[in-house]
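Colleague: Turn this into a model:
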Amino acid sequence: MEKEKLYRIGIICIFLSSPVSSDYSNHPDGIKFAEHMFDKHEFSKSSTIELLRVAKRSDSVIKAMQRPAEKTKPWHQYKKHFITKQRIKNGVAFWRKNKSFLQQAEKRFGVNAAIIVSIIGVETNYGRNVGSHRVIDALCTLAFDYYTKVEKRESRKAFFTVQLENLLLLAREQKQDPSQLIGSYAGAMGLGQFMPNSYRNFAIDFDGDQFADIWKNPGDAIGSVANYFTKHGWVPGDIVALRGEHKPTSDVDAPSNYQIKSGDTLYSIANSFGLTVAEIQRSNKLSDADVLSVGETLFLPTEIEFNKLSKPSMSIGDLKLAGLSALEPADVNRLALPIMLDIGTEREYWLGLQNFYAISRYNPRIKYAMAVYQLSELIRSQYCDPTTVC
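Modeller: Alright, predicted model coming up:
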């Protein structure tokens, strides 16, 4: 691992010290990209090549890709970057300034205003950190150089090539100059940091001026974030997560997998391990009509796999049987995602619900979704004082 790290550093040093190509118009991947845009989207090859001539390799993008990722930090360190008194204060100010747009978004999409405010706060601190890179430079650098020469990963190269394709398409659709659009070193744009494909799929013109301006128009940014959430499974009026308590007991000693034996029935298995037939059926997606086969393996919901980011699939009742209980009343049939956070010398437990999962669709990290949720609650408590109707 250390040798691989040193090798990569060496490659980067050589790469950054090499003469900078004036543009991407003669790059083999650039030429191939221009042909693709012509074949699939009827962009003239000459106009695409000319645009690639304008694009420049960005050494600052390459250096930024080497910074340690926030996801590697434990929760108690990670949250300090996003959940601060100043960011809460900025969030309250943003809410007050854009109250009308937030009310409209909440009414139209059913997405909690505090969550929208929090997302914009986590992503750009309310427009203070939207990025300073030309998006075309960032995407060309990542697609044609970084993931080709520095860190060879075909999947990432393909991802950023698709983003470049979507950048040109959104520029044509929105009548914008693609060489003038600004964003992060990874190509994310605007107050909500939408990648080009997300912009095309979810950004909306919320104020009716015929341009989804997520860069400078808070209304469009608010509407776009709300639209993103509603398209990713947000449940209007529902909560995000429940605090939990983890107390494994001697009763929780059944194996997580059980091999069916001759004479077994769902009832006998459930009775042996203190479960219900419904719990076993739910955990294995079985119906009353399903027949058990000797040798088949069943999953018994008695062990918890924390922080596996997936759609909630284990009932609150099953989690309680496995030792994780909600600290407030909750429907035992609701599905939840078990979460464990490192808070230093101890651990903190949560049950993430569908709206927690919806937040994670914005950025697929448990810690990210939790930061958004906790920041939203703190902003709400400051904004919704006794004199303010929320």
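Colleague: Give me the buried positions along the lengthiest helix in the chain.
Modeller: Counting by DSSP state H, the longest helix found in the chain is helix 154-174. Across helix 154-174, burial judged by 16 or more other CB atoms under 10 Å covers 156-157, 159-161, 163-171, 174. Bear in mind the C-beta positions are built from the backbone N, C-alpha and C, glycine included.
Colleague: helices and strands around the helix or strand following that helix, which ones?
Modeller: Downstream of helix 154-174, the first helix or strand assigned by DSSP states H and E is strand 182-183. Here strand 182-183 touches strand 133-134, helix 135-140, going by 3 or more CB pairs under 8 Å, 6 or more residues apart in numbering; DSSP states H and E.
Colleague: ok now strand 182-183, how far from the chain's centre?
Modeller: Taking CA atoms, centre = their mean, to the nearest Å, the mean C-alpha location of strand 182-183 is offset from the chain mean by 19 Å.
Colleague: next helix or strand past that strand?
Modeller: Next helix or strand after strand 182-183 toward the C-terminus (DSSP H and E): helix 196-202.
Colleague: Could you give the average pLDDT over that following helix?
Modeller: Mean per-residue pLDDT for helix 196-202: 99.
Colleague: for it, packing partners?
Modeller: Helix 196-202 packs on helix 154-174, helix 218-230, going by 3+ CB pairs under 8 Å, 6+ apart.
Colleague: Which strands and helices lie in contact with the last one?
Modeller: Read that as helix 218-230. helix 99-109, helix 113-124, helix 196-202.
Colleague: quick one, the first one and helix 113-124 angle?
Modeller: With axes from the mean of the first three to the mean of the last three CA atoms, to 10 degrees as the basis, helix 99-109 and helix 113-124 are set at 110 degrees to each other.
Colleague: Can you give me the buried ones in helix 99-109?
Modeller: By neighbour count on 16+ other CB under 10 Å, the buried set for helix 99-109 is Phe101, Leu102, Gln104, Ala105, Glu106, Phe109.
Colleague: what's the closest of those to Glu245?
Modeller: Each of those was checked against Glu245 using CB to CB; the closest is Glu106, at 32.0 Å.
Colleague: Wait, the closest one touches Val117, no?
Modeller: No. Judged on CB atoms under 8 Å, Glu106 makes no contact with Val117 at a distance of 10.8 Å.
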